[in-house]
Every structure is written in C-alpha cells, then in structure tokens.
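# Let's see this in three dimensions:
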Amino acid sequence: MPRIAEFGKNIRSTFAAFIIQPLQFQYIQLLNNKNAFSQLSLQLRSILILGYGSIGQGLTEILLRHFSLAPHQIIIIAADDDGAIVAAHFGLSIITLRLDEGNYEKTISRYLQPGSLLINVSVEVSSKSLVEWCRPRQVLYLDTCVEPWAGGYHRADDHALTTNYFLRHEILKDSRPGDPTAIVAHGANPGLVSHLVKEGLQSLATLRGLDHWHSWPDLAQQLGVKVIQVAERDTQYTRLPLPAEHFYNTWSVDGLLAEAWQPAEMGWGSHEQTLPFDAHRHTSGDQSGIYLDRHSMDIRVKSWVPSVGPQEALLLSHHEALSIANWLTMPVDGLDGSTYYRPTVYYAYHPAPIALESLNNWRANQYQPPFVTKVLRDELENGMDQLGVLLVFEGGAYWYGSTLTLIEARELSLFNSATSLQVVAGIIGAISWMLENPVKGVIEAEYVDHGYVMRIARPYLGHVGGVLTDWQPHSTGGLQFEDFLIKKHNE
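This is a model prediction of the structure:
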C-alpha cells in the first residue's frame, strides 16, 4: 500500500503543476474562442462517461485521483447497470439509458457545458455524431474506438462501409485546428501502441547507432522496417467452465465480436508485390489500407512476443493498422499518389484462453449471438497481458511494449485487469495532454506528443522495454504478407 500512496502523491503533484499554470498561452492560442475556453486549462468542470463496462469501471478511480475530482463531477450513462456496484463504491450512480440517433443530443446536453469532457467507451454510439455535437459547444472528446451507430458493422450492401478505414476517414475529414480537441481511437490499441512505435523506432535506432533522420517515415525506412505488427498475447486465465453458448472475455465482449466480424484489413506496405486473392483497395481516401472478403477472426498470422516467442495470432481489424500506416507513408516527390515507403501494419492478437475458446464456439454456432456474455475481472486468477509492437525487418525483428501482470494491475488500481489497465493508461495520458492542448480539432494518437503521454501512462504499464530477435515468418526470409499468413488445409 505505501507504493500506491506514494505513486498517487507524485501523480497529483505532476498534475497540479500544469492545472494552476497561467492562462496567457491559452489567450494567444484560442484567439476568438478565449471566452468559451478561458478556464479550460484550470480545471475539468465535469466528465460524462458513456458506457460503463470494464474500461469505464477501471478508469473511475484513476480519473478521480489524477484530476482531483469530486464524485459529483463525473456522470455515467450506460445501456445497463452492470457496473452499479463499482460506481457506488466511488459515490457515483449510473443513468441507465441506451443512446441512439433519436435521443443522444437531448440526453447529453443536460450534462455537458463548455469545458466539460465527454469520454465515449460505449459500443454502437456514433463517434462522428458525438464529435459533431461537441464541436460548437466547446466540449472536449475522447474515445478508444471510432464507433458507428447500431448496425454499422453489418451492412450487407457495401462491406467497405463497415471498415475502420471508412470510419476513420469519415471522422477526420472535418478536422480543423482551433476546434475543441477530440482525440479519437486512443486507448491501448489503438492509441498507446502508436506511442510505442515511436519509442520502439528510437530504441532500435540507438541499438543500430543511427542518429540522423529527418522524419518518422525516414527513420522507419532507414531501419528497414517492412512490417509492423501490434503483437499481443493475453494469458490471463480462469477456471470457470465455458458453456457452448456463452462468451467470456477479459475486456468488452461486444467490442471483440465487432472486431472479429469486420472484414480483415491492414495498412498495405510499399514492399508488397501482390494483393491477397480476396483483397480490395478503397476508392477514396489516402489509399493506405486494404480489406479482405473474410471476417477478421478467420485470418491467422505468424507473430512473435517475448513471453513465448513465435505464436499464432488472429489478424483483427483495428484503427491503428490504418493510422500508423498512413503516418509512416513517405510519398514520392512530384508523383501524386505514389508511395516511396510504407510498412504493412496490422493487429496480431492471441486472446486469453477462454476468449479464444469463446470465439471458436461462436464460429461453430454460425455466429449466432451468445446466450450469455461476461467480462471477466474478479474471476481471473493470474496471467498477464503482453502488448507491444513488432518491428519486422530482413533478418530479425524488434518487439517493444508493455508486459503487465494481473497481480501488478490489481496493486496499482481497483477494478482492473492487466488488459483494462493498459487501456486506462492510454486514456489518462491522452486526457492529460488534451488539457494542455484544448484546440487541436479531431486528432489521432500519431499526432499527440508521445513523450508526454508515455510519462503519464508508464507507471501503469508494468515493464516497458524492447527485445531484439532473429525471428522471421518464413525460412527463406520473405516479408510479403503471404509469408506471415497461416493457411487452412483447404486454402
């Protein structure tokens, strides 16, 4: 307990240093908006949390502690009251209401005013609609995933409209500096992993003795990075039995089901010679990604993490596959649309044992909605979540990331597992940066100060570091997507 108390004291001191800073820089930056936002750097007036599953519950204690908030400053709206016991522990209550296109504006307008923060950790509540509501009302915004309204992941008329590529471009196209900051897709992944890419590239450059580079794409290209996997392995376990029509996970069940159902997609590298047989390019946007005519849970790839070495992983659709690939694109000067360098980027995930079994049962049940769903936290007995980025180059790879055990997570914060605390760390880091940068418009993790975010997040991430390996996906050393793909016998 002394470790936690001292940690909390240090963090509060850190926040006090910028919360009481003079407002002069704000007046210069905000120009005509200075009346609306004049107090924003001084305090968070209130926070509205949409959704109160594992992330909302795990976030509450740290929000209260870091930002010196009183319970009455946090409002929770959720589709159910599953988190009521946790909310009550902190003196909070849940407003039970399922938000939709017809009621969200009237509902959230009761609780938000200029200088408030809206944290969206719900499912099937449109991120784009919320950002558009917040913008003229000088309300800050953060989510961990760019969500559509209900049904948005299941459009049969055009699979391209169900991709993260489409959702990402829709929410970014109206971004304007000077608008209230809206940080989208910033939890652990997407979010924190983009900062890990930067730290990983810098660390690998140090190992190589490389100290001259003029941009992040230039650094990645000089290091020979052709593939970036967000490589994760969750080993947290329980001895609970799993009936065939039940679905258990260590984080959101609805979130995992949505990702597993979406078309597989990835950032597409400049070194790739041939598209997969069922791949499609997009007809608009930056052309940094592709998608396949297969559910993402049906694509398995070779990957590597320090705890086990080589592993088989699911290629799940994630926002960061597109945002990292776009950010690391180096165009050819003078040739519109041509790319000199871009790595292939995707999420390679090995879920917790019971979550993987749940996915397999779901497939066997023809993707019918599970009869019972449960997010495991207190039922977990041990294990860890090892989340990082695998920078793959010819002859080897460099994994850089967080290794956080369940026991460590429970020591650091109430009502968390290793998985949820990594997400919470990304949220807290992003909010902290947002308070000092309140008029950046809609922004992704790649354009947030990684050093700032990691200073805030690192104490919650267990061991953060890198491991160099000679691992390659294929004995011949190829780094084409086909070299990573694990094919079924009938393919």
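
# Just name the shakiest helix or strand of the protein by mean pLDDT.
Least confident element among the helices and strands of the chain, by mean pLDDT, DSSP states H and E: helix 24-30 (a mean of 31).

# starting at the chain centroid, how far to whichever helix or strand Val301 is part of?
Taking DSSP states H and E as the criterion, Val301 maps to strand 300-305. Distance, stretch centre to chain centre, for strand 300-305: 19 Å (Cα atoms, centre = their mean, to the nearest Å).

# what residues does that strand touch?
229, 231-233, 310-315, 346, 348, 350, 386, 388, 390, 397, 399, 469, 471, 473, 483-486 (Cβ atoms under 8 Å, 6 or more residues apart in numbering). Where you see a C-beta, it was placed from the backbone N, CA and C, and this is true even at glycine.

# Kindly recompute the last result at 6 Å.
Strand 300-305 is contacted from outside by 229, 231, 233, 310-313, 315, 348, 386, 390, 471, 473, 484, 486, using Cβ atoms under 6 Å, 6 or more residues apart in numbering.

# Stretch 135-142 now?
Outside of stretch 135-142, the residues within contact range by Cβ under 6 Å, 6+ apart are 36-37, 112, 114, 116-119, 131, 134, 179-183, 430, 434.

# got it, and stretch 217-229?
Defining contact as Cβ under 6 Å, 6+ apart, one finds that stretch 217-229 is touched by 201, 204, 213, 271, 303, 328, 330, 341, 343-345, 348, 389-394, 479.

# quick one: buried residues of it?
Pro217, Leu219, Ala220, Gln221, Gln222, Leu223, Gly224, Val225, Lys226, Val227, Ile228, Gln229 (16 or more other Cβ atoms under 10 Å).

# That stretch - what's its average pLDDT?
The average pLDDT within stretch 217-229 is 97.

# That stretch: end-to-end distance?
The first and last residues of stretch 217-229 sit 16 Å apart, counting by Cα to Cα, to the nearest Å.

# With stretch 442-457 instead?
When the termini of stretch 442-457 are compared using Cα to Cα, they are 21 Å apart.

# Now Val453: phi and psi?
Backbone torsions of Val453, given as degrees, to the nearest 10, read phi -60, psi -40.

# Going forward, the N-terminal residue is numbered 131.
Noted, 131 is the first residue going forward, which turns the last one into Val583.

# Was I right to think it contacts Leu326?
No. Assessed by Cβ atoms under 6 Å, Val583 is found out of contact with Leu326, at 10.3 Å.

# Tell me the gap between stretch 447-460 and the middle of its chain.
Stretch 447-460 sits 12 Å away from the centroid of its parent chain (Cα atoms, centre = their mean).

# what's that stretch in contact with?
So stretch 447-460 is in contact with 276, 294-295, 298, 315, 319-320, 323-324, 347, 350, 389, 392, 395-397, 416, 418-419, 426, 469-473, 475-477, 574, 576, going by Cβ under 6 Å, 6+ apart.

# For that stretch, list every residue counted as buried.
447-460.

# average model confidence for that stretch?
The average pLDDT for stretch 447-460 rounds to 97.

# and what of stretch 403-422?
Throughout stretch 403-422, pLDDT has a mean value of 93.

# Quote the end-to-end distance of it.
Terminal residues of stretch 403-422 are spaced 16 Å apart (Cα to Cα).

# Check stretch 408-423 too.
In stretch 408-423, first residue to last residue: 6 Å (Cα to Cα).

# Please apply the same query to stretch 421-437.
Length of stretch 421-437, first residue to last, Cα to Cα: 30 Å.

# residues of that stretch that come out buried?
Neighbour count says stretch 421-437 has 421-422, 425-427, 429-436 buried, by 16+ other Cβ under 10 Å.

# Stretch 570-587 too?
Neighbour counts over stretch 570-587 (16+ other Cβ under 10 Å) mark 570-576, 578, 580, 582-584, 586-587 as buried.

# Over to stretch 195-210?
Neighbour counts using 16+ other Cβ under 10 Å place Arg195, His196, Phe197, Leu199, Gln203, Ile204, Ile205, Ile206, Ile207, Ala208, Ala209 of stretch 195-210 among the buried residues.

# what's it in contact with?
Residues outside stretch 195-210 that contact it (Cβ under 6 Å, 6+ apart) are 138, 141, 145, 174, 176-182, 217, 220-222, 224-225, 227-228, 241, 558.

# Can I have the buried ones of these as a ChimeraX selection?
The following ChimeraX line selects those of the contacts of stretch 195-210 that are buried, judged by 16+ other Cβ under 10 Å:
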select :141,145,174,176,177,178,179,180,181,182,217,220,222,224,558
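
# Filter the contacts of stretch 195-210 down to the ones in strands?
Ile177, Leu178, Ile179, Leu180, Ile224, Ile225 (DSSP state E).

# Now do the contacts for the first one.
Each residue near Ile177 by Cβ under 6 Å, 6+ apart is listed here: Ile204, Leu247.

# Tell me what it is bridged to.
Using DSSP bridges, the bridge partners assigned to Ile177 are Ile204, Leu247.

# same question, the fifth one
Residues found in beta-bridge contact with Ile224 (criterion: DSSP bridges) are Ile206.
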